[in-house]
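*Asks:* I'll drop the sequence and a predicted model, then ask my questions.
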Amino acid sequence: MKTRREFLQTAAMATIGAGTLLVGWDESYGQAKPILVGAPVPRASAYGQNGERGMILAAEEINAAGGVKVGNVMRPLKLEIIDTRDEEPGVPTSEVLLAIEKLILQKKSDVIVGGPCMSECGLAAIDLYAKYKIVDIVSIGCYTPAWDKKVGSDIEKYKYSFRASGSVAWYIKEGVDLLRQIKERYNFSKMFISIDDSAMCRAAAEIVKNLAVKDGWEMVGFDKHPIASTDYSMALGDCKKSGAQILFIWAYSPETSIMLRQWADMEVPALPIGFIGAAEDPGFWEATRGKGAYTIVTLSEAGCTPSNVTPLTMKYYNAFQKRWGVPPRSTGCVSAYEALFVLKDAIERAGSIEADPLIKALKNTNLPVVRGTLRFDQNHQIVYGYDPKTSVLGNWVQWQDGQRITIYPPLAAMGQIKMPPWLKKA
């Protein structure tokens, strides 16, 4: 895995000025004024790096194909990337908002696409876009269900904000649906839950627990550990004694790779599944020395691993890997990439980059993309589902033989779930 410094050095090769990217430029544009896309990105975080790479790739492809047609003029996209630093310890929301305000007031961005990733920052930014009457497409993180609830609470005031990334409400439903499939197929009935001690993880665990119990699961144990813990053996021992067949994990810290190594060493007879930060990364296999095998994790977005959701899925996957030398990771890789094509589509249908016609066009988006078909609901939230003709799809994978294999949802699956040998014996 590249360090933050190495990533920024890679990105800087395409940079003109501090944070400004004019990619895929062709002299045929002549004097056409670029469309300036302000991109707030937490560049020290994996999710921010995912989104930045996705947007750069999309801008390169759009500009190489001629740019965006605004009326009768072809105009290139120009990315103005700023580091919001959300997801770094101790960075207050006020500083994140100042960075976004700089994109609007100093850089004169025509539209905002990208982060911030932290939900509290994303919620606060909604008011900023309303204040300055500038269109924003959230495309990296900010998964809180409170986002579309806030936008829907006053849709006229907050009409400028759209979210092309996901929602934890859908991902939990998707996870519960997958658990139901596993329960029925393997006759499992007992679940042990392990979470990072954070507000997001506690809330997610409570929802999962309530929905799973309604589905007939028996909760046989619960572990809440400090973020960045380095020893999970006590909780794993409890899980082993409990008779659980599922170890449901909701934890985003990179130290979860330690948990999965210990899980294998202790031969805990429970299948690990959930939102597991470390297991999203292509480097997870190496980090666990192969002991992360059989782990099931959500990558949030179809297209981060090989599948045939749409004709664009593998085209994107291969292009991303060729451009960056690594496979797409997870959150933001696909959604940030798609967001620029959504913007292009809306501008060309509106014939303008002015807010009101652009908002109208975005509301009527019905665009084939990597994840399926992208549409927005009445609260400007992207529509997730299981049918790629009417929605975008998530992506649950299992680590098998060093690879992330898509196993859910059914229309995206490229393989079947495999069980650890010690679980089979149990």
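*Replies:* Thanks, I have the structure now.

*Asks:* from here on, just use CA atoms for contacts and neighbour counts.
*Replies:* Will do.

*Asks:* where are the low-confidence patches of the chain?
*Replies:* 1-31, 426 (pLDDT under 70).

*Asks:* let's go with 50 and repeat that
*Replies:* 1-18 (pLDDT under 50).

*Asks:* enumerate every residue touching the nearest residue in space to residue 271 that is not next to it in sequence.
*Replies:* Excluding its sequence neighbours, the residue lying closest to residue 271 (C-alpha to C-alpha, 6 or more residues apart in numbering) is residue 246, at 4.8 Å. For residue 246, the contact set (C-alpha atoms under 8 Å, 6 or more residues apart in numbering) comprises 188, 190-192, 270-273.

*Asks:* next step: these restricted to strands.
*Replies:* Using DSSP state E, the members of those that fall in strands are 190-192, 271-273.

*Asks:* just checking, next helix/strand downstream of the one helix or strand residue 203 maps to?
*Replies:* Element membership of residue 203 [criterion: DSSP states H and E] is helix 199-214. Sequence-wise, the next helix or strand downstream of helix 199-214 (DSSP H and E) is strand 218-225.

*Asks:* specify the local secondary structure of residue 249.
*Replies:* When classified by DSSP: H, G, I helix; E, B strand; the rest coil, residue 249 comes out as strand.

*Asks:* next one: residue 404
*Replies:* strand.

*Asks:* give me the beta-bridge partners of it?
*Replies:* Residue 404 forms beta bridges with residue 399, as assigned by DSSP bridges.

*Asks:* verify the stated contact: it with residue 396.
*Replies:* No - here residue 404 does not reach residue 396: they are 9.1 Å apart, not a contact under C-alpha atoms under 8 Å.

*Asks:* higher neighbour count, those two?
*Replies:* residue 396 (30 against 26; other C-alpha atoms under 10 Å).

*Asks:* just give the closest residue to that one, not the sequence neighbours.
*Replies:* Closest residue to residue 396 apart from its sequence neighbours, by C-alpha to C-alpha, 6+ apart: residue 298 at 4.3 Å.

*Asks:* for the ones in strands among the contacts of residue 246, which one is nearest residue 130?
*Replies:* Lowest distance from residue 130 to those (C-alpha to C-alpha) belongs to residue 273, with 39.1 Å.

*Asks:* burial measure for that closest one, as a count.
*Replies:* A count of neighbours around residue 273, defined by other C-alpha under 10 Å, yields 24.

*Asks:* contacting residues for it?
*Replies:* Going by C-alpha under 8 Å, 6+ apart, the list of residues near residue 273 reads 246-249, 295-297.

*Asks:* circling back to that earlier point, buried members of the contacts of residue 246 into PyMOL, please.
*Replies:* Of the contacts of residue 246, the buried ones go into a single PyMOL selection, burial set by 16 or more other C-alpha atoms under 10 Å:
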select buried, resi 188+190+191+192+270+271+272+273
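
*Asks:* distance to residue 61 for the contacts of residue 246 - can I get that in a markdown table?
*Replies:* Below are the contacts of residue 246 laid out as a markdown table (distance: C-alpha to C-alpha, whole Å):
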| residue | distance to residue 61 |
| --- | --- |
| 188 | 46 |
| 190 | 48 |
| 191 | 45 |
| 192 | 45 |
| 270 | 44 |
| 271 | 41 |
| 272 | 38 |
| 273 | 36 |
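
*Asks:* of the contacts of residue 246, which is the nearest to residue 127?
*Replies:* Residue 127 has its nearest neighbour among the contacts of residue 246 in residue 273, at 36.4 Å by C-alpha to C-alpha.

*Asks:* wasn't residue 336 part of a helix?
*Replies:* Yes - under three-state DSSP, residue 336 sits within a helix.

*Asks:* pretty sure it sits against residue 57.
*Replies:* No - checked against C-alpha under 8 Å, the pair residue 336 and residue 57 is beyond contact range at 9.7 Å.

*Asks:* helix/strand/coil for the residue nearest to residue 417 when sequence neighbours are not counted?
*Replies:* Distance criterion C-alpha to C-alpha, 6+ apart; nearest residue to residue 417, sequence neighbours excluded, is residue 407 at 6.5 Å. At residue 407 the chain is in strand, as set by three-state DSSP.

*Asks:* and residue 407, how many neighbours?
*Replies:* Using other C-alpha under 10 Å, residue 407 is surrounded by 23 other residues.

*Asks:* in the stretch 1-150 of the chain, which spans are strands?
*Replies:* Per DSSP state E, counting those that start in this stretch, the stretch 1-150 of the chain carries strands over the ranges 20-21, 35-41, 68-70, 73-75, 77-83, 111-114, 136-138.

*Asks:* who touches residue 308 in this structure?
*Replies:* 314, 412.

*Asks:* does the residue nearest to residue 396 touch residue 274 like I think?
*Replies:* Yes - the pair residue 298 / residue 274 is scored as a contact, 6.3 Å apart, by C-alpha under 8 Å.

*Asks:* nearest residue to the middle of the chain?
*Replies:* Residue closest to the average C-alpha location in the chain (C-alpha atoms, centre = their mean): residue 331, at 2.1 Å.
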